[in-house]
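> no sequence on this one, just coordinates:
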């Protein structure tokens, strides 16, 4: 069954979604918020595409791979942006994004 | 951090989302599809609210509990409907929904 | 048909979703970003619930009214927060939120 | 402002989202539901990507065009599937999808 066969991918997407949502919110509470704007923006976009990807993979959509392709790109870009910042939530998000990008590409 | 403190809840929401999406899709492939219509409908609604709840919990939204309240109701209703059907995907979905409803109510 | 009978509501939800997404993003580009944090947060939550509500109303879900109830609350709260700020995008968003809250309550 | 400059696109995405959600639900009430399975499946996928696209266009995301690209493909495929069926909701959905695909490609 699609959602079991792809359990690792769904887990990585879910972790990435949660990490991005948390990072975007935590960035809004940082003192140097001006420096976090791009991080917030890409966190938001990455979270949305991960949420969509969980749905498409779980329902075994014919379009799952087309979406995972975009998801991998966004995760990689988000990992790069988050990786620039020392906040724990950014570093943790960068790690979740990298692992998710890899899982998307292995679909 | 919200998304770690609530990791169990996020995991249950993610499992429920995936199980509902899978169940809705698998129901569409069953021979007795006429009997599965309500199951498909509530699977779809439950999946959507779970996806929203993951976002709200992860971003530590002030409105998380208001959404989890609705999510718990929908998960319970979905568990009841899925529990009526013998298909493996329905039984598995019922279980995921029950566990998710409990986790939502413990938020 | 649900989505035609409720066309006005769907239009208000769609306008509110777009206004909230735009406002959240535009707030991130403002000089006084520190003062916009709560506006960004509630814009994000409001946008999400509007997006969910469009789906539930269009598919004539049994749970549409339960979600519209929450949506109306969030739209009212977002209108109040946005209404505090002079930026055009905030004032425009406040208006869209107020109209959407009214439409949700008339469902 | 992104969401006003792209108002026509947002309107087409919103109409397509609502038409797809309605069509998927209405197909579940048809007598010949067995013949509607692919229509339901693609309606669901198309609705999801339209909802995502509304968010990305409204927030003027750097990734809007990458998503609109996928959205246009899905809308075209959904228009083709819906166009095969005589139900009013299918014909109406096919029209909304074709117009949305065009609007996505003109972004």
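Now that the structure is in, tell me what you want to look at. What you see is a predicted model, and the numbers here were worked out from it, not measured in a lab.
> all helices of chain A, in order?
Secondary structure of chain A (DSSP state H): helices located at A:2-5, A:7-27, A:37-58, A:64-82, A:88-105.
> got TSV for those helices, with mean pLDDT, distance to residue D:63 and mean neighbour count too?
Just so you know, the C-beta spots here come from the backbone N, C-alpha and C atoms, and that holds for glycine as well. TSV is the format used below for the helices of chain A (pLDDT from 0 to 100; distance: least, Cβ to Cβ, whole Å; neighbours: other Cβ atoms under 10 Å in any protein chain shown):
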stretch	mean pLDDT	distance to residue D:63	mean neighbour count
helix A:2-5	68	26	17
helix A:7-27	97	13	26
helix A:37-58	98	5	25
helix A:64-82	98	6	22
helix A:88-105	98	14	22
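> What parts of chain A come near chain D?
Selection of chain A residues close to chain D by Cβ under 8 Å from any Cβ of the partner chain yields A:41-42, A:44-45, A:48-49, A:52, A:55-56, A:59, A:61-63, A:66-67, A:70, A:73-74.
> let's go with 6 Å and repeat that
Residues of chain A lying close to chain D (Cβ under 6 Å from any Cβ of the partner chain) are A:45, A:48, A:52, A:61, A:63, A:66, A:70.
> Please identify which pair of these lies farthest apart.
Greatest spatial distance among these (Cβ to Cβ): A:45 and A:61, at 20.3 Å.
> out of the helices of chain A, which comes closest to chain C?
When those are compared by Cβ to the nearest Cβ, helix A:37-58 sits nearest chain C, at 5.0 Å.
> any idea of the angle that closest one forms with helix C:7-27?
Counting by axes from the mean of the first three to the mean of the last three Cα atoms, to 10 degrees, helix A:37-58 lies at 140 degrees to helix C:7-27.
> does chain B sit close to helix A:37-58?
Yes: Helix A:37-58 lies within reach of chain B by Cβ under 6 Å from any Cβ, at A:51, A:55, A:58.
> Which of the residues of chain A next to chain D sits closest to chain B?
Of all the residues of chain A next to chain D, residue A:61 has the smallest distance to chain B: 8.1 Å, by Cβ to the nearest Cβ.
> Same list, the helices of chain A, but as JSON lines with distance to residue D:105 please.
Compiled in JSON lines, the helices of chain A are given as follows (distance: least, Cβ to Cβ, whole Å):
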{"stretch": "helix A:2-5", "distance to residue D:105": "30"}
{"stretch": "helix A:7-27", "distance to residue D:105": "28"}
{"stretch": "helix A:37-58", "distance to residue D:105": "20"}
{"stretch": "helix A:64-82", "distance to residue D:105": "16"}
{"stretch": "helix A:88-105", "distance to residue D:105": "25"}
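> Could you point out which of the ones you listed sits nearest residue C:88?
When the helices of chain A are compared by Cβ to Cβ, helix A:37-58 sits nearest residue C:88, at 19.3 Å.
> and the closest one, what does it pack onto?
Other helices and strands packing on helix A:37-58, by 3 or more Cβ pairs under 6 Å, 6 or more residues apart in numbering or on different chains; DSSP states H and E, are helix A:7-27, helix A:64-82, helix B:7-27, helix D:37-58.
> got the contact list for the closest residue to residue A:76 other than its chain neighbours?
Leaving aside its sequence neighbours, residue A:76 sits nearest to residue A:101 (Cβ to Cβ, 6 or more residues apart in numbering or on different chains; 4.7 Å). When contacts are counted by Cβ atoms under 6 Å, 6 or more residues apart in numbering or on different chains, residue A:101 touches A:72, A:75, A:76.
> Quick check: phi and psi on residue A:28?
Residue A:28 adopts backbone torsions of phi -70, psi -20, taken as degrees, to the nearest 10.
> Can you tell me how far it is from chain C?
Taking Cβ to the nearest Cβ, to the nearest Å as the measure, residue A:28 falls 5 Å from chain C.
> That residue contacts residue C:37, correct?
Yes: Residue A:28 lies in contact with residue C:37 (Cβ atoms under 6 Å); the separation is 4.9 Å.
> and stretch A:7-26, does that touch chain B?
Yes: using Cβ under 6 Å from any Cβ, stretch A:7-26 reaches chain B at A:10, A:14, A:18, A:21, A:22, A:25.
> Just give the closest residue to the residue nearest in space to the middle of chain A, not the sequence neighbours.
For chain A, residue A:16 is the residue whose C-alpha lies nearest the centre (Cα atoms, centre = their mean; 3.9 Å). Distances taken as Cβ to Cβ, 6+ apart place residue A:100 nearest to residue A:16, at 3.7 Å, with adjacent residues excluded.
> wait, that neighbour sits on residue A:75?
Yes: if you go by Cβ under 6 Å, residue A:100 and residue A:75 touch, sitting 4.7 Å apart.
> how near is the nearest residue to residue A:17 once chain neighbours are set aside to residue D:39?
Using Cβ to Cβ, 6+ apart and skipping the chain neighbours, the partner closest in space to residue A:17 is residue A:50 (4.1 Å). For residue A:50, the distance to residue D:39 equals 27 Å [Cβ to Cβ, to the nearest Å].
> and what of residue A:42?
Noted for residue A:42: a distance of 35 Å to residue D:39, by Cβ to Cβ.
> give me every residue that touches residue A:95.
So residue A:95 contacts nothing (Cβ under 6 Å, 6+ apart).
> Quick check: it vs residue A:12, distance?
11 Å.
> swap in residue A:84?
The value you get for residue A:84 to residue A:12, if Cβ to Cβ is used, is 22 Å.
> follow-up on the earlier one: OK, contacts around the residue nearest to the centre of chain A?
Contact criterion Cβ under 6 Å, 6+ apart gives A:50, A:96, A:97, A:100 as the residues in contact with residue A:16.
> Isn't the third one up against residue A:76?
No: with the criterion set as Cβ under 6 Å, residue A:97 and residue A:76 do not qualify as a contacting pair; they are 7.2 Å apart.
> what's the burial count for residue A:30?
Residues lying near residue A:30 (other Cβ atoms under 10 Å in any protein chain shown) number 16.
> Find the nearest non-adjacent residue to it, please.
Looking at residue A:30 with Cβ to Cβ, 6+ apart, the closest residue is residue A:36, at 5.7 Å.
> What about the one you found, how many residues nearby?
Residue A:36 has 25 neighbouring residues, counting by other Cβ under 10 Å.
> Nice, that's everything, thank you.
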